[in-house]
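# One predicted model, sequence on top.
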Amino acid sequence: MYVSENLNVNEKGNLTIGGVDTVALAEEYGTPLYVMDEDLIRSNLRRFHESIKKCYRGRGEVHYASKAFSCMEMCRIVASEGDGLDAVSIGELYTALKAGFPMEKVGFHGNNKSDEELAFALDNGVGHIIVDNISELERLEKIASSKNKTAHIMFRIKPGIDAHTHQFVMTGQIDSKFGFALETGEAFEAVKKALSCKNVKLVGLHCHIGSQIFDIAPFEAAAKVMLEFIAKIRDELGYTVPGLNLGGGFGIKYLEEHDPVPFEQYMERVSAVVAEECGKLNLEQPYIYIEPGRSIVASAGITLYTVGARKEIPDIRTYVSVDGGMADNPRYILYQSEYEAVVANKAGEERNEKVTIAGRCCESGDLIGENMPLQHAESGDIIAVLATGAYNYSMSSNYNRLQKPAVVMVSEGKSRIVVKRESLDDIIKNDV
Ligand SMILES: *Cc1c(COP(=O)(O)O)cnc(C)c1O
């Protein structure tokens, strides 16, 4: 009845997630609270990896983009499903390592990796490093050589595709801080250089064209461009790049009117393009990687808040203030991202008001959303903001010295803490 299939209303009229009463969760663990449905996360991972196995006849794998939601328990879940991980910082690598994640199934990303991070990746057996620029290639060659190791690398390529999404999350076009441009010959020169490096082995090419994309066409276009580049490298440099990473960016349903393409359909359509192009180019089909982040976790998560003040400004608007905001969900202030919200303890009633849900931070822009349909919310009610599983906890901050909320995982009707709520002492723990 609400945006995600795992949400329902029970006999008390309370919102449930994965069958668990959200009002009871708020009571037990306090608010603000992130709640993640483990069963839905696992089912999303399985849909992707089963579909990639089927479409590429076993020659492909899923690397969950951990920046969407990273904590040790999430790494354990991904590992237990047999999937890989994409990490973009030493912090994400460390989280995976400490969770016992098989590091050979990790891809290390980032447009500005430090020497320390590159060394850490090599020392800990990270599967491959996705190199973003020439200086990184040069530094990596030096570090690998000093350790007498061979670094397996992919190159991040800008395929020159416009993905029709918000400009802050669009990454495939030439004016982007990420990767090597194809049009200018920069990418080709980098490949040439890598092939001459003694301590670097080029195992793949990578592209990621953006995020929250609803069309399949840009993914098809990117796959085509990348395969043509692999053929060009083979023809002109005599080397067949064995792997192709097609990135993530699959759109999800935040609002009732969103109509995302089922993952399986992306996979079928893109794999058909890959097969056709490989035939045309007389190319052996590369090993395929995909890197979904948002589409694995977004719909699996909600955030619970307690309502405090309600302010009705006649003929202007009604503000409903909650005990969280931009510190736990900065996506509205960053991108004006829209969400649906529900009064969790009145979830069976009609949403017949339109209100602005405001956070508690000292910024007028600290809103969860404006003009949001909601049941009549009063002080003490619990508000659930839906589809907050991606880029909420992972983008949270301690602004105004707020404590980061706990993360609770629900599975098979039970709940457990996977990230503890920060204490006041956590807030001052690094203060000298
Ligand atoms: C962010 C990112 C992803 C995941 O994007 P989603 O939109 O969350 O699926 C995958 N690959 C790279 C390189 C990224 O930067």
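Received the coordinates, thanks.

# State the phi and psi torsions of residue 82.
Phi and psi for residue 82, reported as degrees, to the nearest 10, are phi 80, psi 10.

# Sorry, slip of the keys, the one I care about is residue 396.
In terms of degrees, to the nearest 10, the main-chain angles of residue 396 are phi -70, psi 160.

# distance of residue 260 from residue 52?
Using Cβ to Cβ, to the nearest Å, one gets 18 Å for the distance from residue 260 to residue 52. The C-beta positions use only the backbone N, C-alpha and C, and glycine is treated the same way.

# Which residue of these two possesses the greater neighbour count?
Legend: neighbour count by other Cβ atoms under 10 Å for residue 260 and residue 52, higher for residue 52 (24 against 17).

# Does residue 376 touch residue 354 like I think?
No. Using Cβ atoms under 8 Å as the test, residue 376 is too far from residue 354 to be in contact (11.3 Å).

# Looking at these two, which is more packed in?
Looking at residue 376 and residue 354 with other Cβ under 10 Å, you find the greater number of neighbours at residue 376, namely 16 against 12.

# In a strand, that one, correct?
No. When the secondary structure is assigned by DSSP: H, G, I helix; E, B strand; the rest coil, residue 376 falls in coil instead of a strand.

# and it, what is it in contact with?
When the contact criterion is Cβ atoms under 8 Å, 6 or more residues apart in numbering, the partners of residue 376 are 343, 346, 349, 352-353.

# again with residue 2
Taking Cβ under 8 Å, 6+ apart as the criterion, residue 2 is in contact with 15, 340, 342, 347, 386.

# I'd like to know how many residues surround the nearest residue to the last one once chain neighbours are set aside.
With sequence-adjacent residues excluded and distances taken as Cβ to Cβ, 6 or more residues apart in numbering, residue 386 is closest to residue 340, at 4.7 Å. Taking other Cβ under 10 Å as the neighbour definition, residue 340 ends up with a count of 23.

# My guess is residue 340 contacts residue 383. True?
No. If you go by Cβ under 8 Å, residue 340 and residue 383 don't touch, sitting 10.9 Å apart.

# Would you mind checking the average pLDDT for the helix or strand hosting residue 225?
Here residue 225, judged by DSSP states H and E, is contained in helix 217-237. Across helix 217-237, the average pLDDT comes to 96.

# Please identify the pairing partners of the next helix or strand after it and their relative orientation?
In the C-terminal direction, the helix or strand that comes right after helix 217-237 (DSSP H and E) is strand 243-245. When pairs are called by DSSP bridges, strand 243-245 turns out to pair with strand 200-206 (parallel), strand 287-290 (parallel).

# quick one: the longest one near the ligand?
To tie it back to what came earlier, the one meant is strand 200-206. No. Using Cβ under 6 Å from any ligand atom, strand 200-206 stays clear of the ligand, with a minimum separation of 7.1 Å.

# Quick one: work out the angle between that strand and helix 217-237.
Taking axes from the mean of the first three to the mean of the last three Cα atoms, to 10 degrees, strand 200-206 and helix 217-237 form an angle of 150 degrees between their directions.

# Over strand 200-206, what's the mean pLDDT, rounded is fine.
Taken as a whole, strand 200-206 has a mean pLDDT of 98.

# Now do that strand: distance to the chain's middle.
The gap between where strand 200-206 is centred and where its chain is centred comes out at 23 Å by Cα atoms, centre = their mean, to the nearest Å.

# residues in contact with it?
Strand 200-206 is contacted from outside by 107, 128, 130, 137, 140-141, 144, 150-157, 179, 191, 194-195, 226, 229-230, 239, 241-245, 247, 286-287, 289, using Cβ under 8 Å, 6+ apart.

# what do you get if the cut-off is 7 Å, keeping everything else the same?
Contacts of strand 200-206 from elsewhere in the structure, counted by Cβ atoms under 7 Å, 6 or more residues apart in numbering, are 128, 130, 137, 140-141, 144, 150-157, 191, 194-195, 226, 229-230, 241-245, 247.

# among those, which ones are buried?
Neighbour counting with 16 or more other Cβ atoms under 10 Å marks 128, 130, 137, 140-141, 144, 151-157, 191, 194, 226, 229-230, 241, 243-245, 247 as buried within these.

# where does residue 58 land in three-state SS?
Here residue 58 is recorded as coil under three-state DSSP.

# Please read the previous query as pertaining to residue 417.
At residue 417 the chain is in strand, as set by three-state DSSP.

# Most remote residue from the middle of the protein, which is it?
Taking Cα atoms, centre = their mean as the measure, the residue most remote from the mean C-alpha position of the chain is residue 314, 40.0 Å away.

# what's the spacing between it and the ligand?
Shown here: residue 314 relative to the ligand, a distance of 41 Å by Cβ to the nearest ligand atom, to the nearest Å.

# Also residue 108?
For residue 108, the distance to the ligand (Cβ to the nearest ligand atom) stands at 11 Å.

# Also residue 260?
Using Cβ to the nearest ligand atom, which is the criterion applied here, residue 260 is 12 Å from the ligand.

# now swap in residue 343 and tell me
When Cβ to the nearest ligand atom is applied, the distance between residue 343 and the ligand equals 29 Å.

# sorry, back to before: let's have the contacts of residue 376 in CSV, adding neighbour count, pLDDT and secondary structure.
What follows is these, written out as CSV (neighbours: other Cβ atoms under 10 Å; pLDDT from 0 to 100; DSSP: H, G, I helix; E, B strand; the rest coil):
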residue, neighbour count, pLDDT, secondary structure
343, 24, 98, strand
346, 22, 98, helix
349, 13, 97, coil
352, 9, 95, coil
353, 14, 96, strand
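
# can you tell me which of those lies nearest to the ligand?
Distances from the ligand to those, taken as Cβ to the nearest ligand atom, are shortest for residue 343 (28.8 Å).

# need the contact list for the closest residue to the closest one other than its chain neighbours.
Leaving aside its sequence neighbours, residue 343 sits nearest to residue 375 (Cβ to Cβ, 6+ apart; 4.0 Å). Under the criterion of Cβ under 7 Å, 6+ apart, the neighbours of residue 375 are 343, 346, 349, 351.

# Identify the farthest-apart pair in the residues you listed.
The span of the contacts of residue 375, defined through Cβ to Cβ, is set by 346 and 351 at 9.1 Å.
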